[in-house]
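**Q** Show me how the following folds:
(chains A and B)
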Amino acid sequence: MNKFCKFFFAAAYLALSFTSCSSDDGAKPEDPEAGSEFAIWTQLGSWPNTSYYILGVNNLNEGAVKLEGNGIDVTTKLNNSVITRAGYYYFYNTAEGRFGKYQLVNGAVSTVREVPLTNLASLAGHTWIDDNTLVIIGANAAASAINYSIIKVNDLDITNGTVSGLPDRPDGHKYRVGGDIQYKDGKLFFSIAYQNTSDYQLYPRFNTLAVSYPAFSVTRVSTDTRTAGVGNTSGYFATSFVDEKGDMYFLTSWNGVWKDDGTSSPKNIYRIKAGSDELDASYLLDVQAELGHEAAAGLFMNLGNGKAIIKYQEAPGNSNTKFGYAILNLTTGKELRKLTEIPSGASGERNVYVENGKAYIAVLSGQGTDYIWIYDSNTDKVTKGLQIQGGYTSFSRIDKLQ
Amino acid sequence: MCIKKYLFSNIVIFCILIISFAQAQPKHTLSGKISDLEGLPLEAVSISVKGLSFGTQSDRKGEFNLQLPQAGTFILVFSSIGYQSLEKSVSIGNGQSARSLRIILAANTNALEEAQVRGKSETRQLKEQGFAVNAIDARHFANQSTDLGQVLNRTTGIKMREQGGVGSDFDFSISGLSGKSVKFFLDGIPLEVMGSAMNLNNIPVNIAERIEVYKGVAPVSLGSDALGGSVNIVTNKAPGNYLDISHSYSSFQTNQSALTGQYVFPSSGLVLKGSAFYNYSKNNYRMKDVEVWDAQQKLYVERDLPRFHDRYRSVMAQAEIGLVNKPWADILFIGLGYTNYDKQVQTGVRQSIVYGAVTRDGDGRNISMRYRKANLFNNRLDLGLYATYSKDNYVLADTTLKRYSWDGTYTDGNPETGSFRLTHVERPRYFSRLNANYLLAEGHNLNLNYSFDQVENRTFNALFEDEDTMPGKLGKHILGLGYEQKLSERWTNTFMGKYYGLTLNKKQNDYNAGGFVNVHSYQEYFGYGLASVYKLWENLGIKASYEHTYRLQDVNEVYGDGYQLMNNLDLKPESGDNINLGAFYGQTFGKHEWFAEASGFYRDAKGFIYVNQYDNNQMRYENLSNVQIRGVESELRYRYSSLFSAVLNVTYQHAIDNTKYVKNDASGAISATYKNKVPNQPWLFGNLDLSLGKNDVLTKGNRLQFNWMTYYTHWFYRSWEGFATANSLVTIPRQLVHSLLLAYSMEQGRYNLSLECRNLTDETLYDNFRLQKPGRAFYVKFRYFLK
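**A** Numbers count the residues shown, from 1 in each chain, chains lettered A, B, ... in the order given. You can find the predicted model right below:
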C-alpha cells in the first residue's frame, strides 16, 4: 500500500510537472549564521559521493557542533589544498588553470577574484614573504625544473619564473620539491630530491637549497644522504616552520622507496640555524628512532618555547588509519612525551591548528562523538574541547578565519 | 558459507525438478512449426482443438507444442489475424506419444494491417515473462535519427547520463545501479568483444531489431557478472533477404549512416550477412555562459561560445558468411569485425576544465564463429556455440602542455588532464560460449550456459616506456544452469544457479624477490535466482524475480600496480540481492489496444569497489560502500489502430546510503550519511510519446507519421541533502525536453524520409554537474528498406 501511494504520488507529480514550466529547486534548509572565527573542514559520505564541507565555529574550547544544515559545501569549488590567511582562502586550481581568492560569505564560498595560472604542475610548497606576498613553488610539467609564482594577494598580481642554478639531475630522474619551503634571512630555503621516472625510486640523497629572493637563484646547496625525502609534496601540509629564534626546522615527510629492497627513506627533521644558509650538520632528529613510530605523511608545527608537535603513525606501512601525537623538544631533538590522553584515530592532512602555545587537534576517533583536543604547551595538559558529532570521513583542516 | 548456500540452492532446484517430473507424466503431444508461404516462421498463431476448450500459441520460432488428453482424431484450427485460418484433422494413436506437424498459412492481404496491430509482438511476449525486462522493438524507431542509448533512455527504470553530444562518455543505470554493474551484449555476446567504439550512444537504431533490458535478474543465457542488470541488443535474425540503408544529417555537422543486410542463396544454403555504421559529428554546439579570461578587464567574463574540440568519428563493419539449414548445422557462421574511432575530448569532469588537444583514438578487430543446431536427441536438445578472438586498442593523448580556454586561446602550462601522456591500452580478448537447451518433458526445459571470457590489459605511457611491464590478465568462467518449468498455461517458473570462477594473473614488482614476479589467484562465487510469472487471466499476469548476483573484481583492483596503488588481496566482489515484483495487463477492444505494466524493485548492493586514498598519496581499492534502492516504475501504452498511439512511463527510485560505518570499516563510527538519500542521482523521471499517423497518404502504401516526445527528469541534489547550508547546496536542475518527428514512408516502408527537432525549446540541459548537453538540434534522415 505504501509503495502504491508513493507511486501514485510520483505519477501525479510527474503529470503535473509535464504541464508546468516554473523553476522548482525544492525546499532548502535555513541559512546558518555567517562569519565564524574558525573553519573545520570535514569530509563526509560514502564513495563515490564524498563531499567537502566547511563547518564554521566560533570557539574551539567548548560547546558542541554538528554539520547538519551548517556545512558549507565546497566540493565543486575548493578542496583542502587551499592556503589561508587573514580570513581568505587561496586556491590553485590546476585542473582549470586558475588561481583564486575566496571568502566564506552567507554560508557559501564567494569568489573575490580569479586569475589564470598554469606555472606549476601542482602546488608543492608555499610560504609567505609578508602579509601581501605569497610564494608558491612546484615542478614544471616535465619535472625538469622548479618554477615559482610570487603572488600579491591584494589584487592577485602574479610574477612567474623558474629557479636558476639547481643541481643537475642524475639521468632518468626528475625533480621532486615539497612543502619544506620557508623564508628566512631574506632568502628562501627548500629541498629537492631526485626520483627515477621508470620505477619511481628515489636517488639516495637530498639537497637543501638557499635561494635568493626575489631573483630565485640558488646561492648554496647542502646535501645529506641519511634520507632522500622532502617535505610533503602536497604544498598545503604543514611540514616546516621558522621559530622565534629564527631557526628553520623541516620534516622530510615525503619519502618514497630509496633502496632496491623496497625500503622507504627515513622521515627526519633537519635544522637550518638563524643566519646560516646550510643544513645544521650537528642536528638530526630521526623520528622513527626517537618516537618508535614513523612520522605521518606530514604534520609538524611549532608550539613556541622550543617545542613542536608532530603527528605519527600508530603502525608502520602505507595504509594507516590511526595516528598519535607527540611533543618534541626542538633544541635537544628529543621527544618530550606522547599525547596519550588523545585517542588514536584517523585524521586529515592539516587537522591541527596552533595558537598561543596551544595545539587544537581534531581527531576522528571512530567512537561516535569526536572532539577538538587541546594541548597547552605552557601547562603540558591535554583537555577536551569542542564536541563534534561523529560519523564523518575526515577532519582535513582547522583554519582561523578572523 | 558460499558452498553451503550453493548446495542448498541446488538441492532445492533438484527437488523441484523431481516433483515437476512426477507431475508431468506422458501425455500425447502434438508439436510443429508454422510458417508463411515464404517459409518465415509465424509467431502468435492461435492453435485450438475444435470441440475442446484448450489450445496454445506458436512462439517466436513459429513452433508450438500441444498436449492432448488421450489418443484419437482431432480437428486443429490454426488462426492468426492477417492470415487465412486453416483446419487440419490429426490422428494420434494409443501407442504414439508425440507427433510433429508442418503448417503453412497463407496471408490474408485485406487484413494485414489489423494483424500488425493485434498480433502479440515478441516484445510483448518478453514482457509477459517472469523476468523484469524492458523489451523495445527497435524497428519502431527505425526512421528516427537516434541511437540505442536514446531509445533506452525513454523506457522505465533506465537513465543514461551523457556528458555531451554524439560519442560523449556516459553513465548508464538500470534501476539506480550503473557503471560496472551493468553489462551490455550483442546477441548474447559481450559488446566489449566488438571494441571500445561500440557504445550504446553511437550504435544507430537501425542496427538492432530489438533491445532487451533485464533489470537485476538476468537469464543464464546472458552469462556475466551483472550486478545491476543486462542490456541485450538483438539483431535481425530473419531468414530471408533484406537490406536496410539509412543516412541522417543534423545540426552540429553530424552525419550518421547505417547499413544492415543479408543475402541468401537458397539452393546452397549459403548466407552473407553484413552490418556497418558511420558516425561523424563536430559537436560544435553552443555553450551558454561559460567563463573566459578578458585580458583588458583582467576578469573572467561569461560568454556563449561553441565547443571547439569535440569532433567524433566512429566506424563499424561486421561481415559474416555461413551456411544454414544443413543436416549437421542449423547455422554456421564465420565473421570478421572492425571498429575504429577518433574522438577529441573537450572537457574534464566539469565544463570549467577545458581541453583543446586531448584525444582518444581506438580500433578493434575480431574474428568469430557461431554454430547452432536444434532438435538433437529426439528433438530435445538445442545447442549453440560461439567463439571469438578480439583485440581492442586505444590511445589517450595529452602531449601539448597547453591550458585552453573556451574561446580556443591557450597559455603554455601543464598537461590538460594532469598527466603528460600517450597512454596505450591494448586488450586482447578470448570469449567463448556454449549454450545448451534440453527439453526434459513438455513444459520443462533445462538451459546450460558456460562462458569463458579472458582479457589481458596492457597499459603503458609511450612517452616513457615501450610496453606494459606488468600486464594483468583476467579470466571469468561463468557457468549457469537454468530450469524452466511451465506448470500450466498460466504459471511458469525459472530457477537459476550460477557459478563464477575468477582467475587473476599479473606480473608485479616485488622488492623482496628483487624484480618482477607472477602473481595468480583463483576465486569462486555462487549466485542463484528465480523468476516466476502467473497469468490470472489471458491478459493479466503477475510476476516476481530474485537474484543473488556479483560484479567480480578486476585485476588492478586486487593487485594494484606495486607502486602507488597497493594490492588488496582481501577485496571482495560487489554483491547484490535484487528483487522485482510486477504486474501487466493488456486488452483489446475493437481497434483500441491497451497495455499497462507496473513493477516495484528492491536492490541491496554491498561492497562497491572504489579507490581509497591515504594521507601519503598511496591508494588502494576497497569495498567502500553499500547502497539500497527501492523503487516503482510503470508504463501505460495505448494504440488506436494504426492512427494513434501513446506511451507514458514514470520511474521513481529511492536510493539510500546503506554504508553503516565510515569507510565500511566496522571498527569505525556509524557514518553520518547512513540511511541518507544518495545524492547526484536522478530519482524521478518519465517520458511521454505521442504518435499520430495515417496510411495511404497521397498514394496507397505510403504513410505519414507525426511524433511528439517529451522527456522529464526531476531536479536532484549534487551532494548530500541534509548537511549543507542553503546557500551552498548545489542542485542539478530539472530537465524538460520536447522533441518532434515528422516521417513519410513510401511504397510500404521501402523509402522513408524523416525530419526531427530535438530540444524544441532550446533548454540548457545537464545530466551531470555543469556539463552542458546540446541545445536545439534538427535532423533529416533518409532510409531505404528492402525485404
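
**Q** ok, B:Tyr499 - contacts?
**A** Shown in contact with B:Tyr499 (Cβ atoms under 8 Å, 6 or more residues apart in numbering or on different chains): B:6, B:477-480, B:524-527. The C-beta positions use only the backbone N, C-alpha and C, and glycine is treated the same way.

**Q** Show the buried residues in the residues you listed.
**A** With neighbours counted by 16 or more other Cβ atoms under 10 Å in any protein chain shown, these contain buried members at B:6, B:477-480, B:525-527.

**Q** Just give me the closest of these to chain A.
**A** B:Tyr525 (22.0 Å; Cβ to the nearest Cβ).

**Q** Name the helix or strand for the closest one, please.
**A** strand B:515-537 (DSSP states H and E).

**Q** Pull up the pairing partners for that strand, direction included.
**A** strand B:491-510 (antiparallel), strand B:540-551 (antiparallel) (DSSP bridges).

**Q** for the stretch 51-200 of chain B, what spans make up the strands?
**A** B:55-57, B:63-68, B:72-79, B:86-92, B:98-105, B:133-137, B:158-162, B:170-174, B:182-186, B:189-190 (DSSP state E, counting those that start in this stretch).

**Q** packing partners for the last one?
**A** Strand B:189-190 makes packing contacts with strand B:421-441 when contacts are defined by 3 or more Cβ pairs under 8 Å, 6 or more residues apart in numbering or on different chains; DSSP states H and E.

**Q** could you redo the last one with a cut-off of 10 Å?
**A** strand B:229-234, strand B:359-375, strand B:381-398, strand B:421-441, strand B:444-461 (3 or more Cβ pairs under 10 Å, 6 or more residues apart in numbering or on different chains; DSSP states H and E).

**Q** centre of the chain versus that strand, how much separation?
**A** 10 Å (Cα atoms, centre = their mean, to the nearest Å).

**Q** give me the beta-bridge partners of A:Pro116?
**A** With DSSP bridges as the rule, A:Pro116 is bridged to A:Arg98.

**Q** so how far is B:Arg770 from it?
**A** 19 Å (Cβ to Cβ, to the nearest Å).

**Q** what does B:Val166 give?
**A** 20 Å.

**Q** what's the answer for B:Asn447, then?
**A** From B:Asn447 to B:Arg770 the distance is 47 Å (Cβ to Cβ).

**Q** more crowded one of these two?
**A** Using other Cβ atoms under 10 Å in any protein chain shown, the more surrounded residue of B:Asn447 and B:Arg770 is B:Asn447, with 19 against 16.

**Q** residues contacting that one?
**A** B:219-221, B:382, B:435-438, B:480-484, B:494, B:496 (Cβ atoms under 10 Å, 6 or more residues apart in numbering or on different chains).

**Q** Which of the residues you listed has the largest number of neighbours?
**A** Taking other Cβ under 10 Å as the neighbour criterion, B:Met496 ranks highest of the contacts of B:Asn447 with 27 neighbours.

**Q** quick one, strands of the stretch 251-400 of chain A?
**A** A:268-272, A:285-286, A:295-304, A:307-313, A:323-329, A:334-338, A:352-355, A:358-363, A:369-376, A:381-389, A:394-400.

**Q** Give me the buried positions along the longest one.
**A** Right, the one you point to is strand A:295-304. A:295-303.

**Q** I'd say B:Leu765 and B:Gln772 touch.
**A** Yes - contact between B:Leu765 and B:Gln772 holds when scored by Cβ atoms under 10 Å: they sit 6.8 Å apart.

**Q** Who has more neighbours out of these two?
**A** B:Gln772 (22 against 18).

**Q** residues near B:Asp762, how many?
**A** So B:Asp762, with other Cβ under 10 Å, has 13 neighbours.

**Q** Surely it is within a helix?
**A** No - counting by DSSP: H, G, I helix; E, B strand; the rest coil, B:Asp762 falls outside a helix, being coil.

**Q** how far away is it from chain A?
**A** 13 Å (Cβ to the nearest Cβ, to the nearest Å).

**Q** Quick check: pLDDT value at the closest residue to that residue other than its chain neighbours.
**A** Once flanking residues are discounted, B:Asp762 sits nearest to B:Arg776: 4.1 Å by Cβ to Cβ, 6 or more residues apart in numbering or on different chains. You'll see B:Arg776 listed with a pLDDT of 96.

**Q** okay but B:Arg776 is in contact with B:Ser250, surely?
**A** No - between B:Arg776 and B:Ser250 there is no contact under Cβ under 10 Å: 11.1 Å.

**Q** returning to that earlier point: now for the buried residues of strand A:295-304: which two are most distant?
**A** A:Ala297 and A:Leu303 (20.1 Å; Cβ to Cβ).

**Q** number of nearby residues for the residue of the stretch 201-350 of chain A found nearest chain B?
**A** For the stretch 201-350 of chain A and chain B, the shortest gap (Cβ to the nearest Cβ) falls at A:Gly262, measuring 2.5 Å. Using other Cβ under 10 Å, A:Gly262 is surrounded by 15 other residues.

**Q** residues in contact with the nearest residue to it once chain neighbours are set aside?
**A** Once flanking residues are discounted, A:Gly262 sits nearest to B:Tyr511: 2.5 Å by Cβ to Cβ, 6+ apart. Going by Cβ under 10 Å, 6+ apart, B:Tyr511 touches A:201, A:257, A:259-263, B:562.

**Q** quick one: low-confidence ranges for the chain?
**A** Assuming you mean chain A. A:1-34 (pLDDT under 70).

**Q** um, chain B though
**A** In chain B (pLDDT under 70), the answer is B:1-27, B:37-39, B:51-54, B:81-83, B:95, B:97, B:107-121, B:562-563, B:615-617.

**Q** Would you mind measuring from the residue nearest to the spatial centre of it to chain A?
**A** Centroid-nearest residue in chain B: B:Val231, 1.8 Å away (criterion: Cα atoms, centre = their mean). Using Cβ to the nearest Cβ, B:Val231 is found at 22 Å from chain A.

**Q** Surely that residue is in contact with B:Leu200?
**A** Yes - if you go by Cβ under 10 Å, B:Val231 and B:Leu200 touch, sitting 7.2 Å apart.

**Q** Identify the contacts common to these two.
**A** Shared contacts of B:Val231 and B:Leu200, defined by Cβ under 10 Å, 6+ apart, comprise B:148-149, B:152, B:172, B:182, B:184, B:191, B:211.

**Q** B:Asp361: which of the residues you listed is nearest?
**A** Among the shared contacts of B:Val231 and B:Leu200, and counting by Cβ to Cβ, the member closest to B:Asp361 is B:Leu191, at 19.3 Å.

**Q** if I pick the closest one, what's in contact with it?
**A** B:183-185, B:198-200, B:203, B:231-233.

**Q** burial measure for B:Ile334, as a count.
**A** 14.

**Q** in what helix or strand does it lie?
**A** Assigned by DSSP H and E, B:Ile334 falls in strand B:329-344.

**Q** What residues sit buried inside that strand?
**A** Neighbour-count burial for strand B:329-344 [16+ other Cβ under 10 Å]: B:329-333, B:335, B:337-344.

**Q** Report the strands that pair with it, each with its relative direction.
**A** When DSSP bridges is applied, strand B:329-344 pairs with strand B:312-326 (antiparallel), strand B:359-375 (antiparallel).
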